[in-house]
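J.: structure for this input, please:
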Amino acid sequence: MSIKYKIALLFALLVTAVFAFSSFSIYFFSSIERQKLFNTRLKNRALSTAAVYTTIKDSDFSILKKMDQAAVASLYNKSISIIGNNYTDIYSFSDKAGDSLSLPANIIDKTKDNDEYYFTYNHKSAFAAYHADDNNRFIIAVAATDVDGSEYLQQLKEILLIVLVMAVVLSFFGGIIFAKSLVRPIKKIMGEVNLITTNNFSQRIKIKKSKDELAQLAVTFNSFIDRLQESFDTQRRFISNASHELSTPLTSISSQLEVARQNTRSAEEYREVLDSVYEDIRELHLLTHSLLDIAKTGSHGSIDLNEVRLDEILYKVVTDVQKQNPGFKAILGLENFPDDEKLFTVFGNANLLYIALKNVIENGCKYSDNGESYITVVFDEKKIDVKVSNKGDVIAEADIQNIFQPFFRCDTVHSKRGFGLGLTLTKRILFLHKGAITVESAPDKNTVFIISLPNAFSKN
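T.: Below is the predicted model:
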């Protein structure tokens with residue numbers, strides 16, 4: 001079932017429930033009101049009959065009978081009885097023969113106790129009143145059928161049922177019209193979304209000036225498409241650059257081997273070719289290893305996160321950088337060294353954090369004028385900042401926006417070995433650890449990379 005008909009059906013059900021409850025309430029309270037009115041008519045008739053009876057002398061009931069016979073229209077199928085104080089019938093009248101009103105003793109007693117008593121007699125409404133004065137003591141009882149009330153309630157019931165059926169039908173079709181007006185902009189959004197493909201990210205959903213939920217949905221879709229387009233563009237650039245970077249050493253290896261095979265060469269010449277090929281293969285190995293590391297950081301599910309001591313990782317990084325790169329010197333300093341060991345702890349993956357910190361510290365040494373980088377660690381209750389600075393060429397403001405893109409390298413560092421993947425990998429690793437990396441570079445101060453990681457015990 002389409003959402004249009006679901007909305008129409010729900011709307012019809014809601015209207016049906018409201019009208020059904022309203023109709024029941026109207027009928028219920030109308031029935032109570034009709035009963036009250038009829039009870040009042042019974043009471044008035046009983047009291048008027050009692051008043052006439054008290055004025056009769058010598059038990060002449062002809063006046064009462066004439067009055068009861070003449071007042072047929074006021075009460076239908078009525079029966080009237082007057083019972084003496086000693087439970088004897090004094091007067092009796094009924095519209096139908098044999099339909100006299102004979103009160104049992106319990107009703108007579110209740111009437112005497114309460115002065116008035118309403119009850120049901122032979123499916124008719126009845127009223128009894130006890131009259132007592134110095135001259136007379138008797139009970140007057142009147143029973144009748146509320147024909148007008150029954151007809152009124154029956155007509156009311158039929159009217160309410162007709163109105164209810166009409167309300168259900170009209171609400172359903174009205175709900176369809178209402179649902180169409182709601183679904184129409186959704187269909188329009190669906191049509192515009194269907195125009196968006198991997199080859200056409202320029203399409204966007206038109207946003208109305210209104211600030212309703214559909215406009216917010218369009219904004220959300222457009223924002224999602226922007227992120228998706230950025231992701232696809234990044235992926236395309238990455239694949240393009242990766243293909244180029246991978247083909248370069250492979251082309252070099254193929255060319256050198258082809259040239260070496262053309263003529264017979266000396267052992268020394270073959271050794272030079274092998275050394276060059278080995279160097280290219282080593283570069284290719286490092287490149288593929290970096291690409292695999294970046295691919296691994298793209299999946300949250302493959303990363304094991306635990307509490308790790310950041311200071312221990314830094315000591316290992318500093319030692320390995322200097323051991324693996326003769327001529328590099330990494331100087332580590334810990335500011336405001338905390339007494340609480342918990343402030344050293346971050347929640348993350350030790351191997352990935354090692355790679356991220358090593359990339360930045362090794363770059364600091366590689367691109368400095370003297371092969372040195374200075375590492376400063378600042379602790380507080382919420383985060384740990386690792387600042388890596390060096391004395392080298394200033395990074396241009398335009399390049400700072402791009403240095404974290406895959407394969408991007410500044411013009412001033414093309415002479416240095418590298419693929420432009422280290423900072424990309426570092427940023428992805430820090431993102432997985434809810435951290436961040438920023439850069440400050442100006443002629444009057446050193447170039448500083450600031451790595452921020454949340455403390456494992458931070459409440460934020």
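J.: measure how buried Ser62 is and give me the count.
T.: Counted with other Cβ atoms under 10 Å, the neighbours of Ser62 add up to 8. Quick note: C-beta positions are derived from backbone N, CA and C, even for glycine.
J.: scratch that, Val219 is what I was asking about
T.: Using other Cβ under 10 Å, the number of residues around Val219 comes to 13.
J.: for Lys427, same thing?
T.: 19.
J.: what strand or helix carries it?
T.: Here Lys427 sits within helix 422-432, counting by DSSP states H and E.
J.: give me the buried positions along that helix.
T.: Buried residues in helix 422-432, counted by 16 or more other Cβ atoms under 10 Å: Gly422, Leu423, Thr424, Leu425, Thr426, Lys427, Arg428, Ile429, Leu430, Leu432.
J.: against which helices or strands is that helix packed?
T.: Helix 422-432 sits against helix 267-296, helix 350-366, strand 436-442, strand 445-454, with contacts defined as 3 or more Cβ pairs under 8 Å, 6 or more residues apart in numbering; DSSP states H and E.
J.: apply 6 Å and report the result again.
T.: If contacts are counted by 3 or more Cβ pairs under 6 Å, 6 or more residues apart in numbering; DSSP states H and E, helix 422-432 sits against helix 350-366.
J.: redo the buried residues of helix 422-432 as JSON lines? Include pLDDT and distance to Glu381.
T.: Shown next, in JSON lines, are the buried residues of helix 422-432 (pLDDT from 0 to 100; distance: Cβ to Cβ, whole Å):
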{"residue": "Gly422", "pLDDT": "71", "distance to Glu381": "31"}
{"residue": "Leu423", "pLDDT": "78", "distance to Glu381": "29"}
{"residue": "Thr424", "pLDDT": "78", "distance to Glu381": "31"}
{"residue": "Leu425", "pLDDT": "76", "distance to Glu381": "29"}
{"residue": "Thr426", "pLDDT": "81", "distance to Glu381": "25"}
{"residue": "Lys427", "pLDDT": "83", "distance to Glu381": "25"}
{"residue": "Arg428", "pLDDT": "80", "distance to Glu381": "27"}
{"residue": "Ile429", "pLDDT": "80", "distance to Glu381": "24"}
{"residue": "Leu430", "pLDDT": "84", "distance to Glu381": "20"}
{"residue": "Leu432", "pLDDT": "78", "distance to Glu381": "23"}
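J.: what's the farthest-apart pair in those?
T.: Gly422 and Leu432 (16.2 Å; Cβ to Cβ).
J.: give me the mean pLDDT for the strand or helix carrying Glu230.
T.: In this structure, Glu230 sits in helix 213-262 according to DSSP H and E. Average pLDDT, helix 213-262: 73.
J.: kindly report the same for stretch 48-55.
T.: Averaging pLDDT along stretch 48-55 gives 84.
J.: which positions within that stretch qualify as buried?
T.: Buried residues in stretch 48-55, defined by neighbour count with 16+ other Cβ under 10 Å: Thr49, Ala50, Tyr53.
J.: identify the residue spatially nearest to the first one, adjacent ones excluded.
T.: To tie it back to what came earlier, the one meant is Thr49. Distances taken as Cβ to Cβ, 6 or more residues apart in numbering place Ile140 nearest to Thr49, at 5.7 Å, with adjacent residues excluded.
J.: am I right that the one you found sits in a helix?
T.: No: assigned with DSSP: H, G, I helix; E, B strand; the rest coil, Ile140 falls outside any helix and is strand.
J.: separation between it and His131?
T.: Distance of Ile140 to His131, given as Cβ to Cβ, to the nearest Å: 6 Å.
J.: more crowded one of those two?
T.: Ile140 (24 against 18).
J.: for the more buried one, list each beta-bridge partner.
T.: Ile82, Ala129 (DSSP bridges).
J.: send me the helix holding Lys427 as PDB with only the CA atoms.
T.: What follows is helix 422-432, C-alpha atoms only, in PDB (Å, rounded to 0.1, in the frame of the first residue of the first chain):
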ATOM      1  CA  GLY A 422      52.100  10.400   5.200                       C
ATOM      2  CA  LEU A 423      50.000  13.400   6.300                       C
ATOM      3  CA  THR A 424      46.900  11.900   4.600                       C
ATOM      4  CA  LEU A 425      47.400   8.700   6.600                       C
ATOM      5  CA  THR A 426      48.000  10.700   9.800                       C
ATOM      6  CA  LYS A 427      44.900  12.700   9.400                       C
ATOM      7  CA  ARG A 428      42.700   9.600   8.900                       C
ATOM      8  CA  ILE A 429      44.200   7.900  11.900                       C
ATOM      9  CA  LEU A 430      43.600  10.900  14.100                       C
ATOM     10  CA  PHE A 431      40.000  11.200  12.800                       C
ATOM     11  CA  LEU A 432      39.400   7.600  13.900                       C
END
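J.: report the angle between that helix and helix 350-366.
T.: 140 degrees (axes from the mean of the first three to the mean of the last three Cα atoms, to 10 degrees).
J.: quick one: helix 422-432 to chain centroid distance?
T.: 32 Å (Cα atoms, centre = their mean, to the nearest Å).
J.: between Ile140 and His131, which contacts overlap?
T.: Jointly contacting Ile140 and His131 under the rule Cβ atoms under 6 Å, 6 or more residues apart in numbering are Ala50.
J.: if we can go back for a sec, list the contacts for the residue nearest to Thr49?
T.: Ile140 sits next to Ala46, Thr49, Ala50, Ile82, Ala129 when contact means Cβ under 6 Å, 6+ apart.
J.: Lys96: which of the buried residues of stretch 48-55 is nearest?
T.: In terms of Cβ to Cβ, no member of these lies closer to Lys96 than Thr49, at 18.2 Å.
J.: what sits against the nearest residue to Ile139 once chain neighbours are set aside?
T.: The shortest distance from Ile139 to any non-neighbouring residue, by Cβ to Cβ, 6+ apart, is to Ile83 (4.5 Å). Applying Cβ under 6 Å, 6+ apart, we find Ile83 in contact with Asp89, Leu103, Ile139.
J.: who wins for neighbours among these?
T.: Highest count within the contacts of Ile83 by other Cβ under 10 Å belongs to Ile139, 24 neighbours.
J.: for it, give me its contacts.
T.: Ile83, Thr111, Ala128, Tyr130.
J.: could you redo the last one with a cut-off of 7 Å?
T.: With contact set as Cβ atoms under 7 Å, 6 or more residues apart in numbering, Ile139 has these partners: Ile83, Ile108, Thr111, Ala128, Tyr130.
J.: most neighbours among these, which one?
T.: Ala128 (28 neighbours).
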